[in-house]
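S.K.: what shape does this take:
(2 chains)
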2 protein chains.
Amino acid sequence: MTKRPALTAVVDALPATVPFVGPEAQQRASGRAFRARMGANESSFGPSPRVTRRMQEVAGDMWMYCDPDNYDLKQAAAAHHGVSPHNIVVGEGIDGLLGLLARMYVDVGTPVVTSLGAYPTFNFHIASVGGRLVELPYENDRESLDALLAAVRRENAPLVYLSNPDNPMGSWWEATEILRFIEALPETTMLVLDEAYGELGPASALPPIDVERVNVIRMRTFSKAYGLAGIRCGYAVGEKQVIADFEKIRNHYGVSRMAQIAGVEAITDQQWLQEVVARVDAGRRRIARIAEENGLKPLPSATNFVTIDCGSDGAFALKVLKEMLARDVFIRKPMAPGLDRCIRVSVGLDHELDIFAQELPAALVAARKG
Amino acid sequence: MTKRPALTAVVDALPATVPFVGPEAQQRASGRAFRARMGANESSFGPSPRVTRRMQEVAGDMWMYCDPDNYDLKQAAAAHHGVSPHNIVVGEGIDGLLGLLARMYVDVGTPVVTSLGAYPTFNFHIASVGGRLVELPYENDRESLDALLAAVRRENAPLVYLSNPDNPMGSWWEATEILRFIEALPETTMLVLDEAYGELGPASALPPIDVERVNVIRMRTFSKAYGLAGIRCGYAVGEKQVIADFEKIRNHYGVSRMAQIAGVEAITDQQWLQEVVARVDAGRRRIARIAEENGLKPLPSATNFVTIDCGSDGAFALKVLKEMLARDVFIRKPMAPGLDRCIRVSVGLDHELDIFAQELPAALVAARKG
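M.R.: I've put the predicted structure just below:
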């Protein structure tokens, strides 16, 4: 065997994995294009036309490096949330920020608490630094605040993940419950409150932002309601020392100049956001109706997708998923025990919902046979 | 003192720092725009017009996530270099890939060898994982292959950094020398061969790519000759298991859809690249003439900048730098002992070189007085 440079023990032990198989990979495998792209919780309504025009205007400027301070975008996000730019850090999507949080708070063997079936990329990043994941089951299709809290205390965990509204179930907690959870947390435990879908649910689910609180960091993104998943830009809001600590390790040139400019334009076009929110709401209701017409049970959603209980076990829902994929309809499904009885359908454009409605009955028949 | 979540010991010990102060930050501080932007080794000639048009065409598609496999860009880069896509990994600039390499090969206390005054962002990433930097002085304004090799052996270092052509000095080694260095390296030491400026120097400086070699990884970027610094995209070429190991920890959605599309278009427009290379060469010669007309000594350059020996010590060169900045001409300078006698001037557009030529004499007078 050839000698070669040795990986660190932590990295050596990891599998080489892509946490998500992208729709592009699925299309390459099938040799066919999806007729409906409703699987990645993207915003089919696109970015604001203002944002698109702005990106077109500045395309030729991309020879210049991005501002490593993300100054303009931090100003814009700070103004939007009524906080200081010192309370904002920008990253390559929430994913990038989660990776940094893992490195900031987690050593080899450090316990980290999350829910079984919650965001896999968070788990990926925790594993990448050798952290020990403690995963608590959902209860009634929501992340269980009580179980998370008990685990944090039992494990003395420095980091706990909670998404609200939740992916993959679409469920949410009201702000009062989130605040109760925060108050009960040890001060030495950082809550990663992932609000990627925050703009799409009821305002009552979002606690007021308290930037004095040293153990809560709120994650926001341009990938969902703002329709900029491809541009890779998210940000976190937190106490200023927590935010400053990101400077110790972040890739200062990680977020492109294009992303920073698009982000500024997007966050200042709240009218577009409100239009998207309304269209998402209409889309959710239509998906729910389609589900019900097929004898399935749509779960309430505060996101841009609807999770649908297929009324049987995980094996059946997996068959439904596969039948839909075979019909070139891109959707996904939760995989954790208990959640896996569901499929997850993002709000698409009207013609995509038409395709979904057309194909679902036959997919269910085939799944029941198979 | 409020209790708070504890950083890991490694991160806690780090300073919160931005490795480079961007020109935008300097402009914000002065309240004035630079008249000439010649400090960050960007390509003032911009991206290929084909690339700009393509970015404009796809701006509205940014609601879709990027392909986490970077499939198309890996195909294009592989075709360009005559290797397999399995030999290519794409990252958020070379910076992003350096950060991953640090995490892959470096533990707390691991020795890592580089040159004193070489790329600071590499050092930043090594420090971020607790690595111990062993920095060897340049010799005759080149990174010293002999000194690096001796240090690697002495320290039993798993990682050594070498840029060729070199930043900040513009110097280079011929491929024969690089190959001799590679042959002499322990098989258990990974050479990070940073070829960010690879397209801009003599072809004879680039060894043939050997993807069977398990301990060399070649770094390339779209930030320099391709004129896409702001889009944040670079790639590495290496042996397939080394490349696969990046999958264990990389942020799979870190490189934007825009960057991937721009990268494909850029690498397939080699005619534009050749035009840029010719213009850079002309610009280097003009900067050298201006330096000589002012009694300064331009160093030979294989990059898109010229490093100029100001003929005295670091304090004097720093004064020259400050005088140029005060005249709203953005340049930079090396800071390491011995190298710090120089300023570093990127090839700008003709009107920027005019401004540089106009302002340099007065700046030198002022620096000699100050």
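S.K.: so how many other residues sit close to A:Leu148?
M.R.: The local packing of A:Leu148 (other Cβ atoms under 10 Å in any protein chain shown) involves 23 other residues. To be clear about C-beta, it is placed using only N, CA and C from the backbone, and glycine gets the same treatment.
S.K.: same question for A:Lys369.
M.R.: Neighbour count for A:Lys369, taken as other Cβ under 10 Å: 8.
S.K.: look up the closest residue to the residue nearest the centre of chain A, ignoring the ones flanking it.
M.R.: In chain A, the residue lying closest to the centroid (Cα atoms, centre = their mean) is A:Ala196, at 5.2 Å. In this structure, A:Ala196 finds its nearest non-sequential neighbour in A:Thr221, 4.8 Å apart by Cβ to Cβ, 6 or more residues apart in numbering or on different chains.
S.K.: just to revisit the earlier point, doesn't the residue nearest to the centre of chain A fall inside a strand?
M.R.: No - according to DSSP: H, G, I helix; E, B strand; the rest coil, A:Ala196 belongs to no strand; its state is coil.
S.K.: residues touching it, list them.
M.R.: For A:Ala196, the contacting residues are A:Ile94, A:Ser163, A:Asn167, A:Met219, A:Arg220, A:Thr221, A:Ser223, A:Lys224, A:Gly234, by Cβ atoms under 8 Å, 6 or more residues apart in numbering or on different chains.
S.K.: residue ranges for the strands of the stretch 201-350 of chain A, please.
M.R.: Taking DSSP state E, counting those that start in this stretch as the criterion, the stretch 201-350 of chain A contains strands spanning A:216-221, A:234-237, A:297-298, A:305-309, A:329-330, A:342-346.
S.K.: contacts for the fourth one next, please.
M.R.: So the one you mean is strand A:305-309. Identification of contacts with strand A:305-309 by Cβ under 8 Å, 6+ apart yields A:38, A:41, A:141, A:167-170, A:284, A:287-288, A:291, A:296-299, A:301, A:334, A:341-347.
S.K.: which residues of the stretch 51-200 of chain A lie near chain B?
M.R.: Contact residues (Cβ under 8 Å from any Cβ of the partner chain) of the stretch 51-200 of chain A with chain B: A:52, A:55-56, A:59-69, A:71, A:92-93, A:95-96, A:99, A:103-107, A:121, A:128, A:158-159, A:187-190.
S.K.: of the residues you listed, buried ones?
M.R.: A:52, A:55-56, A:59-60, A:62-69, A:71, A:92-93, A:95-96, A:99, A:103-107, A:121, A:128, A:158-159, A:189-190 (16 or more other Cβ atoms under 10 Å in any protein chain shown).
S.K.: how about the residues of the stretch 251-370 of chain A that lie near chain B?
M.R.: Contact residues, the stretch 251-370 of chain A versus chain B (Cβ under 8 Å from any Cβ): A:Asn251, A:His252, A:Tyr253, A:Gly254, A:Val255, A:Ser256, A:Arg257, A:Met258, A:Ala259, A:Ala262.
S.K.: what's the neighbour count on the last one?
M.R.: Around A:Ala262 there are 31 other residues, counting by other Cβ under 10 Å.
S.K.: which parts of chain A are helices?
M.R.: A:9-12, A:23-30, A:49-58, A:71-81, A:93-105, A:120-128, A:145-155, A:175-184, A:240-245, A:257-267, A:270-293, A:314-326, A:350-369 (DSSP state H).
S.K.: and those helices as TSV, adding distance to B:Ile355 and mean pLDDT?
M.R.: Below are those laid out as TSV (distance: least, Cβ to Cβ, whole Å; pLDDT from 0 to 100):
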stretch	distance to B:Ile355	mean pLDDT
helix A:9-12	48	97
helix A:23-30	46	94
helix A:49-58	24	98
helix A:71-81	25	98
helix A:93-105	38	98
helix A:120-128	46	97
helix A:145-155	59	98
helix A:175-184	55	98
helix A:240-245	37	98
helix A:257-267	23	98
helix A:270-293	41	98
helix A:314-326	59	98
helix A:350-369	54	98
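S.K.: in a markdown table: the ones you listed, plus distance to B:Gln75.
M.R.: Below are the helices of chain A laid out as a markdown table (distance: least, Cβ to Cβ, whole Å):
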| stretch | distance to B:Gln75 |
| --- | --- |
| helix A:9-12 | 27 |
| helix A:23-30 | 11 |
| helix A:49-58 | 25 |
| helix A:71-81 | 32 |
| helix A:93-105 | 24 |
| helix A:120-128 | 25 |
| helix A:145-155 | 43 |
| helix A:175-184 | 45 |
| helix A:240-245 | 39 |
| helix A:257-267 | 23 |
| helix A:270-293 | 34 |
| helix A:314-326 | 24 |
| helix A:350-369 | 28 |
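S.K.: closest to B:Val11 out of the ones you listed?
M.R.: B:Val11 lies closest to helix A:93-105 among the helices of chain A, at 5.2 Å (Cβ to Cβ).
S.K.: distance between that closest one and the chain's centre?
M.R.: What separates the centre of helix A:93-105 from the centre of its chain is 13 Å, taken as Cα atoms, centre = their mean, to the nearest Å.
S.K.: stretch A:307-323 now?
M.R.: Centroid displacement of stretch A:307-323 relative to its chain, using Cα atoms, centre = their mean, is 22 Å.
S.K.: what residues sit buried inside it?
M.R.: For stretch A:307-323, a neighbour-count test (16+ other Cβ under 10 Å) marks A:Thr307, A:Ile308, A:Asp309, A:Cys310, A:Gly314, A:Phe316, A:Ala317, A:Leu318, A:Lys319, A:Val320, A:Leu321, A:Glu323 as buried.
S.K.: what's the answer for stretch A:211-218, then?
M.R.: Going by neighbour count (16+ other Cβ under 10 Å), the buried part of stretch A:211-218 is A:Val211, A:Arg213, A:Val214, A:Asn215, A:Val216, A:Ile217, A:Arg218.
S.K.: swap in stretch A:285-305?
M.R.: Buried residues in stretch A:285-305, defined by neighbour count with 16+ other Cβ under 10 Å: A:286-288, A:290-291, A:294, A:296, A:298-299, A:301-305.
S.K.: cool, and stretch A:126-141?
M.R.: Across stretch A:126-141, burial judged by 16+ other Cβ under 10 Å covers A:Ile126, A:Ala127, A:Ser128, A:Val129, A:Gly130, A:Gly131, A:Leu133, A:Val134, A:Glu135, A:Leu136, A:Tyr138, A:Asp141.
S.K.: from A:Leu353, how far out is the fourth one?
M.R.: In other words, A:Val129. 41 Å (Cβ to Cβ, to the nearest Å).
S.K.: ditto for A:Gly170
M.R.: With distances taken as Cβ to Cβ, A:Gly170 is found 16 Å from A:Leu353.
S.K.: show me which of those two is the more surrounded one.
M.R.: Of the pair A:Gly170 and A:Leu353, A:Gly170 is the one with more neighbours under other Cβ under 10 Å, namely 28 against 21.
S.K.: please list all residues in contact with the closest residue to that one other than its chain neighbours.
M.R.: Computed as Cβ to Cβ, 6+ apart, the closest residue to A:Gly170 that is not its neighbour in sequence is A:Ser301, at 3.4 Å. Residues in contact with A:Ser301 (Cβ under 8 Å, 6+ apart) are A:Pro165, A:Gly170, A:Ser171, A:Arg284, A:Thr307.
S.K.: and those residues, which two are furthest apart?
M.R.: Going by Cβ to Cβ, the pair spanning the contacts of A:Ser301 furthest: A:Ser171 and A:Arg284, at 13.0 Å.
S.K.: show me the contacts for the nearest residue to A:Ala317 once chain neighbours are set aside.
M.R.: Excluding the flanking residues, the one nearest A:Ala317 by Cβ to Cβ, 6+ apart is A:Cys310, at 4.4 Å. Counting by Cβ under 8 Å, 6+ apart, A:Cys310 touches A:Leu296, A:Phe316, A:Ala317, A:Val320, A:Arg341, A:Cys342, A:Ile343.
S.K.: ok, now how distant is A:Cys310 from A:Lys297?
M.R.: From A:Cys310 across to A:Lys297, the span is 8 Å (Cβ to Cβ).
S.K.: does any bit of stretch A:9-28 sit next to chain B?
M.R.: Yes - counting by Cβ under 8 Å from any Cβ, contacts between stretch A:9-28 and chain B involve A:9, A:11, A:14-20, A:22, A:24-25, A:28.
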